[in-house]
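A.B. asks: got a structure for you, letters missing:
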Ligand code: UD1
Ligand code: MG
């Protein structure tokens with residue numbers, strides 16, 4: 001049977017207690033690179049395995065179930081009523097297991113860096129004849145992990161630390177958590193697990209010894225420690241974030257982006273970056289951003305839910321809020337905030353401006369300090385600036401308002417009425433100049 005033809009059931013254990021996070025939020029809903037740990041785990045599963053998905057949650061964990069369904073709409077939610085160990089948690093999905101799959105894959109939702117290709121590797125071992133495949137890693141510090149006991153290429157047992165002998169504790173090859181086994185053996189193995197151990201728990205890891213006792217074959221696949229790090233507290237969450245960022249930066253650079261100081265650039269799980277993009281130090285790119293080819297992002301810029309078309313230049317200190325759509329070769333300069341606005345091709349907003357709920361037409365020039373007054377305290381209103389318009393510095397455009405193509409707005413204007421194409425609008429106090437007034441004023445004060 002070819003690997004592609006095999007169908008698996010992936011069971012994601014998400015009934016985390018998470019007490020060490022000290023949080024009102026369930027552990028697996030804490031985020032890395034803008035996405036929950038649970039969604040990261042599900043995305044690896046959906047990419048690495050073909051078939052069904054079940055997510056095991058604790059009772060009343062509606063938020064966890066909702067997040068699971070957002071990431072994997074076809075997933076089945078199974079509730080583990082009591083917390084009695086990892087094998088017990090897997091059996092919460094018994095109804096799904098009974099439907100019959102070639103392979104069963106179990107992953108923990110608090111192991112968010114697991115990659116799809118590792119899952120594929122585990123399933124490939126099953127396709128090649130193994131009955132049980134566990135994922136191991138050489139731990140820098142093995143404390144707390146189950147140890148893999150191997151002989152030649154075979155996995156003999158997984159021993160939890162609390163049950164291990166001194167010799168077994170000395171082993172550095174540890175159990176990462178993910179485990180895969182043949183669907184045909186699944187219930188035979190899981191139902192044979194007994195809670196006869198130091199923690200009186202049903203250990204999923206016991207299926208390795210049970211399989212061996214029945215003449216089945218168990219193997220271990222080895223992963224890098226960084227990929228299988230688990231998150232139990234906020235310090236580990238930060239370590240996982242760092243590892244995730246490292247992965248995202250490498251991916252962006254491999255795809256043709258230059259980063260002067262990659263360790264200071266923060267990306268999101270879904271950031272799309274084209275070729276020949278330059279990102280200077282200290283840039284934060286939040287979720288849902290697309291950066292097209294040839295874009296330059298100068299230092300200290302912050303982007304969320306924004307699209308930046310080819311050749312555009314941002315920053316330093318540019319702020320793109322959700323819905324910012326920056327056209328090709330446009331320029332967004334320092335201390336400029338753009339929200340829910342299209343800045344069309346070649347337009348310039350170079351200094352100290354706020355543009356919200358607006359369209360800025362192609363090649364328009366928005367002078368320093370221009371503010372779009374889009375909010376009246378109750379509703380947001382639109383501003384439309386035509387192609388080639390020129391807005392003088394320090395103008396306020398009070399929305400809703402339209403500035404026609406090629407129109408001029410005099411500096412310092414407060415524009416409240418439409419300006420037609422090619423017109424000049426000036427809305428400010430007229431200047432009065434009194435010759436010699438200043439000298440007279442000074443002289444008056446000197447005498448006094
Ligand atoms: C488990 C493994 C250990 C491995 C380690 C890797 C077992 C018996 N041990 O130990 O070999 O080195 O992970 O991190 O599997 N869960 C439930 N319901 C339960 C118990 C656990 O859903 O009743 C979930 C937890 O939320 C967690 C996962 O299963 O996502 C692992 O459980 P945990 O208690 O953290 O196991 P460890 O002691 O870390
Ligand atoms: Mg754990």
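C.D. replies: Nice, I can see it. Just so you know, these numbers come straight off a predicted model, no measurement behind them. Ligands and ions are numbered 1, 2, ... in the order given.
A.B. asks: stretch 333-344: end-to-end distance?
C.D. replies: Chord length of stretch 333-344, first to last residue, is 15 Å (CA to CA, to the nearest Å).
A.B. asks: can you list contacts of that stretch?
C.D. replies: Residues from elsewhere that reach stretch 333-344, judged by CB atoms under 8 Å, 6 or more residues apart in numbering: 306, 315-327, 330, 332, 348-364, 387. In short, each C-beta sits where N, CA and C put it, glycine included.
A.B. asks: buried only: go through those for me.
C.D. replies: 306, 315-321, 323-327, 330, 332, 348-350, 352-364, 387 (16 or more other CB atoms under 10 Å).
A.B. asks: sitting in strands, which of these do you find?
C.D. replies: Using DSSP state E, 318-320, 324-326, 332, 348-350, 354-356, 358-360 are the members of the buried ones among the contacts of stretch 333-344 that sit in strands.
A.B. asks: what about the lengthiest strand in the chain, average pLDDT?
C.D. replies: When the chain is parsed with DSSP E, its longest strand is strand 173-182. In this model, strand 173-182 has a mean pLDDT of 97.
A.B. asks: what about stretch 409-423, distance to the chain center?
C.D. replies: Using CA atoms, centre = their mean, to the nearest Å, the mean C-alpha position of stretch 409-423 is found 42 Å from that of the whole chain.
A.B. asks: er, stretch 160-178 actually
C.D. replies: Stretch 160-178 sits 33 Å away from the centroid of its parent chain (CA atoms, centre = their mean).
A.B. asks: stretch 314-324 too?
C.D. replies: Chain-centre distance of stretch 314-324: 19 Å, with CA atoms, centre = their mean.
A.B. asks: for ligand 1, what's the nearest residue on the stretch 101-250 of the chain?
C.D. replies: When scored by CB to the nearest ligand atom, the stretch 101-250 of the chain has residue 146 as its residue closest to ligand 1, at 2.3 Å.
A.B. asks: likewise the stretch 301-448 of the chain?
C.D. replies: Closest point on the stretch 301-448 of the chain to ligand 1, by CB to the nearest ligand atom, is residue 304, at 30.1 Å.
A.B. asks: correct me if wrong: that residue contacts residue 288.
C.D. replies: Yes - the pair residue 304 and residue 288 passes the contact test of CB atoms under 8 Å, sitting 7.3 Å apart.
A.B. asks: quick check: neighbours shared by the two?
C.D. replies: Common neighbours of residue 304 and residue 288 (CB under 8 Å, 6+ apart) are residue 322.
A.B. asks: neighbours of residue 157, just the number please.
C.D. replies: 19 (other CB atoms under 10 Å).
A.B. asks: ok, what's across the strand from it?
C.D. replies: residue 149 (DSSP bridges).
A.B. asks: hmm, it is touching residue 209, no?
C.D. replies: Yes - applying CB under 8 Å as the test, residue 157 and residue 209 come out as touching, 4.5 Å apart.
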